[in-house]
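Asks: next comes the sequence, and after it the predicted model I'd like to discuss.
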Amino acid sequence: MSDLAAVFKSYDIRGRVGDELNADFAQKVGRAFADWLPEAGTVAVGRDMRPDSGELADAVIAGLRAQGRDVLDIGQVTSDMIYFAVGSLRLAGGAMITASHNPGKDNGIKLCREEAKPVGLDTGLDQIRDAVLSGTFKSSAAEGSLKSRDLSEDWVQHVLSFIDADKLKPLRLAVDAGNGMAGAIFPELEPYVPWEITEMYFELDGTFPNHEANPLKFETLKDLIARIRADKLDGGIAFDGDGDRAFLVDETGTPLTGGVMSAMMAEYFVGLHPGANIVYDVRNSRSVPKVVEQAGGTAVISKVGHSIIKQKMRDADAPFGGEASGHFYFRDNWYADSGLIGAVIGLYVAGLSGKKLSELREFYTHFKAIPETNFTVADKDAALARIQAAFPQPEHQHDNLDGLTVVVNDHTWFNVRGSNTEPVMRLNAESSDQETLDNLVAKVKELING
C-alpha cells in the first residue's frame, strides 16, 4: 500500500503539508467521501486558520461537487461547529480542514456522516482511503451546487441551550485561544454572558507563534496562569487549536484536569436526568464513577477514542461522556464533543455552587494521579507480561477492555495501553495517597522498561 496511506489515522487524516497533504490529494478525498457517504444530500465544509487550510478546503469542496454533492461552506470555524452544522441542518456529512493542536507544518481532514457520526478507519475511512489511493470514483452527471452560511449565532445559542443563561454568575476570566479558532468564535459568545474577559492570543495564526495550542500539556498554560495570578482573576479557559477541547484554570492558576471536569459535568447531567448512564474512558479518574454513583447514576466505562465513546453513549443513551484528555461529549450535541459547551457548563456549575473553582477542583479530586506518561518500548507484549506477573490474579483485579487495567485495591489502580501506531506504552495511575502512588508508579515504570 502507498506510503500516503499513513496519513489516514485511526480517527482522521493528518500529515505534512505539501509532500503529504496538497490540493490534489484533498480533492480526491472530497470525491471519495462524496461517493462513500451513506445518505444523499448536502455536505458541510469548514476550515481552521492554518495558512493552507483555505486551499485544502477549496479542493475538498471541488471534489465533493465533482461527484454531484451540494456543499455548504461554513467558513473558518471550530471543529465542533462542523458537528453542529451536520446535526442541526440534517446534512449528509461534514468535512473539517484542521490538524487540531499539531504544529503549523501539519494539516488534516476530519470527516463525519449524518447526525455527526464519526468516520474513522473502522467506520468507513478505510474505504475512503482505498478509493483515494486507487483513484477510483463514481461517474457523476452533474456538478453539485455551492452555498455559504455563517452559523456563529446559531452555534452560540445552541451552546447556551445547555444551561439557564439567566443564572450565570459574573466572573473575571482570562481566555487563551492559543491563536486557534476559539479566537474567532469565543467573541460571539461574550455579549450573552456576564463575564469580564481578558482575551489572550485571539489573533488567528496557524503557525502558533506563542505556544502550542494543546491545553492537555499544562506547560502551555504558563502565560494564562501568570495573567490569572497577576490580575487576581476568578479563573481562565484554555482552548486547543481547533476549539473542540477546553480546560478550566482556577483562581490560583491550577488547571482542572479532564477527570475533575468530567466529574463536575457528570454530576450536573445526572442531576438533570436522574438515574442516567454516564460514559467515561479507562484512563479517566475513578472520581468520575464515584461521583456518578453517589448522584444516583450509572457509570459506564469505555475504551479510549471518540468514535468508540460516541457509540457507547448512543448504546447507553448517555447524556454525557468524558475523556481524561479533555474531550467532553453531549447527547444533545449529537453525541459530539465541544470545548465551548464544556467550558460554559463548567463555569455555570461553579456559579450555581457558589464555590471558587479551586474549591470545586478539590471537591471533585478524590485521588492523587499522574499525568499520562509515555514510554518507548521495543516489545510491548513482553512488558505487559512482566506487569501481569508482578500483579497476579486473584490478588489483583485485571481488566483488558483497553490495554491492561490493574486494580490494586479499592483506592489504587493503573492502566497501561500500547499505541497502535508507534512503539509506545502509555501509563495512567491513581491512588488515595501520594506515597502509595509514587511507589506504584516506580514499580510499574521499572516493569515497563524491563
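Replies: Arrived safely. Residues are numbered from 1 along each chain as shown.
Asks: hang on, Ala318 in a helix?
Replies: No - using DSSP: H, G, I helix; E, B strand; the rest coil, the assignment for Ala318 is coil, not a helix.
Asks: care to break the chain down by domain?
Replies: 3-150, 154-249, 258-339+355-363, 368-449 (automatic domain parsing).
Asks: how about these in a markdown table, adding distance to Val349, mean pLDDT and mean neighbour count?
Replies: The way it works is simple: take the backbone N, C-alpha and C, and place the C-beta from them, glycine included. Shown next, in a markdown table, are the domains of the chain (distance: least, C-beta to C-beta, whole Å; pLDDT from 0 to 100; neighbours: other C-beta atoms under 10 Å):
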| stretch | distance to Val349 | mean pLDDT | mean neighbour count |
| --- | --- | --- | --- |
| domain 3-150 | 19 | 96 | 20 |
| domain 154-249 | 9 | 97 | 20 |
| domain 258-339+355-363 | 5 | 97 | 22 |
| domain 368-449 | 21 | 93 | 15 |
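Asks: rebuild the ones you listed as TSV, extending it with distance to Leu347.
Replies: Converted to TSV, the domains of the chain look like this (distance: least, C-beta to C-beta, whole Å):
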stretch	distance to Leu347
domain 3-150	17
domain 154-249	7
domain 258-339+355-363	8
domain 368-449	23
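Asks: what about Glu199, is that helix, strand or coil?
Replies: Three-state call for Glu199 (three-state DSSP): strand.
Asks: which residue packs closest to it, ignoring adjacent ones?
Replies: Of all residues not flanking Glu199 in the chain, Val175 sits nearest, at 6.0 Å (C-beta to C-beta, 6 or more residues apart in numbering).
Asks: nearest to Tyr348, out of the domains of the chain?
Replies: Closest of those to Tyr348 is domain 154-249, at 4.3 Å (criterion: C-beta to C-beta).
Asks: what about that closest one, how long is it end to end?
Replies: In domain 154-249, first residue to last residue: 27 Å (C-alpha to C-alpha, to the nearest Å).
Asks: quickly list what the residue nearest to Glu199 is bridged to.
Replies: Glu199, Ile237 (DSSP bridges).
Asks: also Arg426?
Replies: Bridge pairing for Arg426 - DSSP bridges - gives Asn374, Arg417.
Asks: does it really touch Pro371, like I thought?
Replies: No - look at Arg426 against Pro371 with C-beta atoms under 8 Å: they stay out of range, at 10.5 Å.
Asks: contact partners for Ala116?
Replies: Ile82, Tyr83, Phe84, Val86, Gly87, Gly94, Asn333, Trp334, Tyr335, Ala336 (C-beta atoms under 8 Å, 6 or more residues apart in numbering).
Asks: revised request: answer the last question for Arg426.
Replies: Arg426 neighbours (C-beta under 8 Å, 6+ apart): Arg283, Glu372, Thr373, Asn374, Phe375, Gly403, Val416, Arg417, Gly418, Ser419.
Asks: what of Gly351?
Replies: Residues in contact with Gly351 (C-beta under 8 Å, 6+ apart) are Lys167, Leu168, Lys169, Leu171.
Asks: then the helix or strand harbouring it to PDB, C-alphas only?
Replies: Assigned by DSSP states H and E, Gly351 belongs to helix 339-353. Provided in PDB are the C-alpha atoms of helix 339-353 (Å, rounded to 0.1, in the frame of the first residue of the first chain):
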ATOM      1  CA  GLY A 339     -14.700  22.600  24.100                       C
ATOM      2  CA  LEU A 340     -17.000  25.600  24.300                       C
ATOM      3  CA  ILE A 341     -20.000  23.700  25.700                       C
ATOM      4  CA  GLY A 342     -17.800  22.000  28.300                       C
ATOM      5  CA  ALA A 343     -16.300  25.300  29.400                       C
ATOM      6  CA  VAL A 344     -19.700  27.100  29.600                       C
ATOM      7  CA  ILE A 345     -21.200  24.200  31.600                       C
ATOM      8  CA  GLY A 346     -18.200  24.100  33.900                       C
ATOM      9  CA  LEU A 347     -18.400  27.800  34.700                       C
ATOM     10  CA  TYR A 348     -22.200  27.600  35.100                       C
ATOM     11  CA  VAL A 349     -21.800  24.700  37.600                       C
ATOM     12  CA  ALA A 350     -19.200  26.700  39.500                       C
ATOM     13  CA  GLY A 351     -21.600  29.700  39.700                       C
ATOM     14  CA  LEU A 352     -24.500  27.600  40.900                       C
ATOM     15  CA  SER A 353     -22.400  26.100  43.600                       C
END
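Asks: let me know whether Leu173 touches Gly236 as I believe.
Replies: Yes - between Leu173 and Gly236 there is a contact under C-beta under 8 Å: 5.7 Å.
Asks: which residues in the stretch 51-200 of the chain form helices?
Replies: Ranges of helices in the stretch 51-200 of the chain, per DSSP state H, counting those that start in this stretch, are 53-66, 79-88, 126-134, 152-160, 182-189.
Asks: please name every helix or strand in contact with the first one.
Replies: Pointing back at helix 53-66 there. On a contact count with 3 or more C-beta pairs under 8 Å, 6 or more residues apart in numbering; DSSP states H and E, helix 53-66 meets helix 23-36, strand 43-47, strand 71-76, strand 93-97, strand 106-113.
Asks: residue contacts, the residue located most distally from the centre of the chain?
Replies: Centroid-distance maximum for the chain: Ala141 at 38.6 Å, with C-alpha atoms, centre = their mean. Residues near Ala141 by C-beta under 8 Å, 6+ apart: Gly68.
Asks: how much space separates the residue lying closest to Thr412 once chain neighbours are set aside from Ser287?
Replies: Distances taken as C-beta to C-beta, 6+ apart place Ser431 nearest to Thr412, at 4.1 Å, with adjacent residues excluded. Using C-beta to C-beta, to the nearest Å, Ser431 is found at 12 Å from Ser287.
Asks: now do Asn210
Replies: Asn210 sits 32 Å away from Ser287, taking C-beta to C-beta as the criterion.
Asks: any idea which helix or strand comes after whatever helix or strand Asp315 lives in?
Replies: Using DSSP H and E, Asp315 falls within helix 306-316. Going down the chain from helix 306-316, the next helix or strand is strand 320-322, by DSSP H and E.
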